[in-house]
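Visitor: Predicted model and sequence below, questions to follow.
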4 protein chains.
Amino acid sequence: MHALVFEGPGHRVWRDVPDPQIADNSDAIVRVDAVTICGTDLHILNGDVPETPAGTVLGHEAVGTVVEIGSSVRCLQVGDRVLISCISSCATCSQCRNGAYGQCEGGGGWILGHTIDGTQAELVRVPFADTSTYPIPQGLADEEVLMLADILPTSFEVGVRNGEVQPGDAVAIVGAGPIGLATVMTARLYTPGVIVVIDPAASRLDLAKSLGADVVVNPEADDPVTRVREITDGVGADAAIEAVGVSETFELCARLVRPGGRLANVGVHGRPATLHLEELWGRNITVRTGLVDTNSTTRLLELLRQHKLSVLPLITHRFALWEAERAYDVFERPRDTGAVKVAMFREAH
Amino acid sequence: MHALVFEGPGHRVWRDVPDPQIADNSDAIVRVDAVTICGTDLHILNGDVPETPAGTVLGHEAVGTVVEIGSSVRCLQVGDRVLISCISSCATCSQCRNGAYGQCEGGGGWILGHTIDGTQAELVRVPFADTSTYPIPQGLADEEVLMLADILPTSFEVGVRNGEVQPGDAVAIVGAGPIGLATVMTARLYTPGVIVVIDPAASRLDLAKSLGADVVVNPEADDPVTRVREITDGVGADAAIEAVGVSETFELCARLVRPGGRLANVGVHGRPATLHLEELWGRNITVRTGLVDTNSTTRLLELLRQHKLSVLPLITHRFALWEAERAYDVFERPRDTGAVKVAMFREAH
Amino acid sequence: MHALVFEGPGHRVWRDVPDPQIADNSDAIVRVDAVTICGTDLHILNGDVPETPAGTVLGHEAVGTVVEIGSSVRCLQVGDRVLISCISSCATCSQCRNGAYGQCEGGGGWILGHTIDGTQAELVRVPFADTSTYPIPQGLADEEVLMLADILPTSFEVGVRNGEVQPGDAVAIVGAGPIGLATVMTARLYTPGVIVVIDPAASRLDLAKSLGADVVVNPEADDPVTRVREITDGVGADAAIEAVGVSETFELCARLVRPGGRLANVGVHGRPATLHLEELWGRNITVRTGLVDTNSTTRLLELLRQHKLSVLPLITHRFALWEAERAYDVFERPRDTGAVKVAMFREAH
Amino acid sequence: MHALVFEGPGHRVWRDVPDPQIADNSDAIVRVDAVTICGTDLHILNGDVPETPAGTVLGHEAVGTVVEIGSSVRCLQVGDRVLISCISSCATCSQCRNGAYGQCEGGGGWILGHTIDGTQAELVRVPFADTSTYPIPQGLADEEVLMLADILPTSFEVGVRNGEVQPGDAVAIVGAGPIGLATVMTARLYTPGVIVVIDPAASRLDLAKSLGADVVVNPEADDPVTRVREITDGVGADAAIEAVGVSETFELCARLVRPGGRLANVGVHGRPATLHLEELWGRNITVRTGLVDTNSTTRLLELLRQHKLSVLPLITHRFALWEAERAYDVFERPRDTGAVKVAMFREAH
């Protein structure tokens, strides 16, 4: 088969690789029908993820069709359309039993396209297939379900639920990249009073507005702390959600959040941040970090099925699977291309 | 002044009564600008509420203007526009300190138009004024704020929050009277996957649909349990909300709710219900009862202010305050008049 | 092998039956080292559980040693000492993924000694062995771990956690049979202010006191509602826990609980109860039912291992496994024998 | 009257000052019967708290007798014995209504001995007296109730409850000063599996053991991270509680806590800490800061009354009130004196 292979920092290629085989009786082999690229794939290509060996097929999000199952798989059948979650779950370790699949201690967690071959391929082996894939309800398009492989549950669980967003809340979202935009979408599920999005790119702020942000702030033009105070009678945000992954934006969130508020970190960080405990120690602040668990996937699928959540505006570009290299070219230069999420399909689209 | 006075079971009259006076230094006297009638007022008139003496001014919902304050009132000033909550809160008893103002042990709770004179009058004395009224944000009309005196917090707190409605949930609401319709409105704040409303009146089902119900069921035509099972893959509702107040509808809710689900009772009951513990004991069901606490009022006001909640569709009829008797005539015969909430105003409308 | 077989209502016999065999690749065959009898076994013998066919081996609690595993079992090895939980969990259905193993929709739940052969035998087949057994920490005796198969998690989850017992709370426990006594034990983990136990049997009240009840009430001598009011300044119990399974005790709990309090039902009921909604509708009461999920088992094992929980006082009688019929004789007549839990062992004790 | 007056950094004196007077109708004047010193008082004396003006009477903890009340005080009477909480609560602002009295926006919060005159005096004016004092149950000694003015609710709310300590948890407490020791006491209310206390002072570790710590670690002799890993099968602490107030101990807590665990900061910090987001971003960690709200005081009083909590071991030294300067001498040199809490009394003790 063909796959997009990480060939060491800076190198990726769409090339022939051996077909995946059932390696454990909990595995399924899935034909990839639709797949997307994540910012984390770019981190691997940048050489920031040393545990990913050269030769690994990239990708941890996909929608596909089951072509083979291991002997202990009980919930899937050949021919089933499934969502492949970015998180694999052994279902039996103590973390999985608590719903923390991202912290799986039984061999799962984020493994696809990370420590084993991933989904940017014609076929993929999915370990713990029963508990790492989700059947797709009738009537949903591959590309909309695809958005539930990672970005939607990540923004919902790590941003919105960890931020304990409630009806009427003031929510500040720092960063309007794909994950920040998905956070706008999923925050709205709880009907906050006001969503403020902060980002230096005017085009992304426009997108944020179109997705439901009430107020957008360009920090190069306006002080976000001042703006959020104005909007909230001087109090600050009930929830501040970090969706960038650098220390400056984390520290900004800590200044945005009100006494008693929540700071939810969604960004992937490479360096430490400063926590101003001399100011925060007595302010009843909750800071939460998290890797997505994807325990909300069924709930999000139901919202899709009921037309209560619309995710297609996130997809800005579509390609054939064999055009994966071109898709990366576009996704890597969002400022030029306006790319948010790019989708690739087995069949012409 | 004039007021609508309960003259014993079956009798009400708009007549002259003495002006209210400050009786405690926490009191405020408020001029009533807008007021509404509640189903509970009809219960009193029916003689079902023996603790309400003849001679009591009815009404526990209003929007008004402060005309006098007691010496210990610190948050209000003469001239302030305020929402008068149906619940008065002493703020100091253990129930109030836990946010359970409806259970106030310090002399508050539901007292207006119940054990003391109420709001269907030109003036009303509001005890514990600091913690029993809410300042009205700029830009909101009296009549929309009026809906937050009772019906909105009741449906939100006792129905939706007690039912722990979450995004994607299947919610069954039994009863499409005023409180059931308000429950549709406030359930939507959490974006359930599907809202099913059950009521025998076709006109009310239409109203429910227009307010956001996804499915409506007339129990005279269709079996609600069968319909909810169909919609939920045979599982049942995540939350079933009782908004009628008779044992049959409570028992229906207990049949609608899925294993692990929540049954929130909002209706006011006069008789016991049968709890089928022989079926429910092992099904992980939560049943909650509640009197509104109005601890969500500030949150709901913020949603109004931010245009995230629209309550005006609840108001079907408008009158001048001196037309209170006519307003009752209309409100008492909803089948004929189509009344949901009727509002009365000091000034011509 | 030999096993205690249900031969139809009123009949049980210790007799020869075929050895169990691996039937599914998730199964394990476990040699039973210690086993106990539950009140539910007596219900089956009474003919109250029609879904249990004659010929079924009884018992759903055991400690044993793994003698064979299916091909997909990954957490167990032959020779491992394990606790066999009363609840089997498929680990993959939506209920199991939410921790509600007792509601398993994938073929688990309470099946042992109920719909398939159980643990009162020399050998038992345990389905979903990875997620239905627990490895036993070093240093713990079989008989103390045995108490964690059912009675401890049931009282802890369905009684204490559903009752949301908190430090300083007033807790009323109605019923001082095995489950009521275990509720005293596990309620103490949260250091309530006062535990009141209500039961008509003086000997059981004495036992309750010795296990940590602060106050005991014999309802034939004293009115429990009056006593609980006296103890709680007229307010009522924060949590009332039903541990009998008849409508009268459930209704008593509803009278014991304070406004805003929790009623947790642990008893297994055969008939409906009356819920006095005409009194309770406005009192902010939470009523919870539940079948044990055993999601607390690991936590309870850790408490045993750390000597923070002492369960041996529950075991009043010990037998050899082949004396199972005698053990039943004793367990069936607790008033005469003083039996709480009876344990049977493979090896002489 | 006489009082202990802050005379600017480094200076404190027991001297004559004017008697306090009722300044607001919510005030009470309380005669101080027992009072203690807090580490925060030493911070003020060190000049670290610039908002406290020279001339302020120090102290924010006391037990006393009401001698005068303002006209709007409704829950207190002259002659009542009361606990004066370190936190004053206006009861009406949005923070107070949410139970966050420490964040009071209505003029309360930590004000006694901070921005207004405090409790280390013969008399003290207590603002918002109804909601800032607690009646003392019969049968409790002043000195035990005194421990509930600050140190017990602080350790319980900001340490134990923010750390979400549950039965069976592994709890690491960094710091065995007064607040760390009180955290040991209050953590035990939830019966953790193991409490590990980390402190370089051997004498304090001994005290910690005597109060219920299961394991003590001297970080100068042993690596705390290694020890906690050993105790927890390599996983880390469920809850790590910072009870010192320097960045090093906060950062140690972040290394002690397991994936999915909680870090509760109780210490008062003067400098920022480093938050290693490059390690923590994906580990599902919750970090909470907090000023005590004292919303647990009633609960803790009930535990005292029921003899379920014993606080006297915290008091190592007792003085007459007029010996306040000597009490400070002792409290300021804990290494020499072994002081944990020192208590001063109006009457000879």
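Guide: In hand now; what should we look at? Numbering: from 1, shown residues only, chains lettered A, B, ... in the order given.
Visitor: State the distance from the closest residue to chain C within the stretch 101-250 of chain A to residue A:92.
Guide: Here the stretch 101-250 of chain A gets closest to chain C at one residue, residue A:130, 4.8 Å apart by Cβ to the nearest Cβ. Using the backbone N, CA and C atoms, a C-beta is placed for each residue, glycine as well. Relative to residue A:92, residue A:130 is positioned 11 Å away (Cβ to Cβ, to the nearest Å).
Visitor: now residue A:190
Guide: Distance, residue A:190 to residue A:92, using Cβ to Cβ: 32 Å.
Visitor: do residue A:323 as well
Guide: From residue A:323 to residue A:92 the distance is 39 Å (Cβ to Cβ).
Visitor: Also residue A:114?
Guide: Residue A:114 is 21 Å from residue A:92, by Cβ to Cβ.
Visitor: cool, and residue A:305?
Guide: 29 Å.
Visitor: so what's the residue nearest the centre of chain A scoring on pLDDT?
Guide: For chain A, residue A:151 is the residue whose C-alpha lies nearest the centre (Cα atoms, centre = their mean; 2.5 Å). With respect to pLDDT, residue A:151 has a value of 98.
Visitor: For it, which residues are in contact?
Guide: Counting by Cβ atoms under 8 Å, 6 or more residues apart in numbering or on different chains, residue A:151 makes contact with A:38, A:61, A:178, A:179, A:182, A:314, A:341.
Visitor: now the end-to-end length of stretch A:139-152.
Guide: 19 Å (Cα to Cα, to the nearest Å).
Visitor: quick check, distance from it to the centre of its chain.
Guide: Remark: stretch A:139-152 is offset 11 Å from the chain centroid, using Cα atoms, centre = their mean, to the nearest Å.
Visitor: Any buried residues in it, and which?
Guide: Neighbour-count burial for stretch A:139-152 flags A:140, A:142, A:143, A:144, A:145, A:146, A:147, A:148, A:149, A:150, A:151, A:152 (criterion: 16 or more other Cβ atoms under 10 Å in any protein chain shown).
Visitor: and residue A:344, helix, strand or coil?
Guide: At residue A:344 the chain is in strand, as set by DSSP: H, G, I helix; E, B strand; the rest coil.
Visitor: cool, residue A:158 as well?
Guide: helix.
Visitor: Tell me the residue of the stretch 1-150 of chain A that sits nearest chain B?
Guide: In the stretch 1-150 of chain A, the residue that lies nearest chain B is residue A:137 (9.9 Å; Cβ to the nearest Cβ).
Visitor: okay, residue A:323 and residue A:92: which has more neighbours?
Guide: A count of neighbours by other Cβ atoms under 10 Å in any protein chain shown puts residue A:92 above the other of residue A:323 and residue A:92, at 22 against 16.
Visitor: For the stretch 51-200 of chain A, just list every one of the strands.
Guide: Listed in chain order, the strands of the stretch 51-200 of chain A (DSSP state E, counting those that start in this stretch) span A:62-69, A:81-84, A:123-126, A:133-135, A:170-174, A:194-198.
Visitor: Out of those strands, which gets nearest to residue B:233?
Guide: Among these, strand A:133-135 comes nearest to residue B:233, with 11.4 Å by Cβ to Cβ.
Visitor: and that closest one with chain C, contact?
Guide: No - Strand A:133-135 does not reach chain C (Cβ under 8 Å from any Cβ of the partner chain); its nearest approach is 10.6 Å.
Visitor: which helices and strands sit right next to that strand?
Guide: Packed against strand A:133-135 by the contact rule (3 or more Cβ pairs under 8 Å, 6 or more residues apart in numbering or on different chains; DSSP states H and E) you find strand A:81-84, helix A:297-305.
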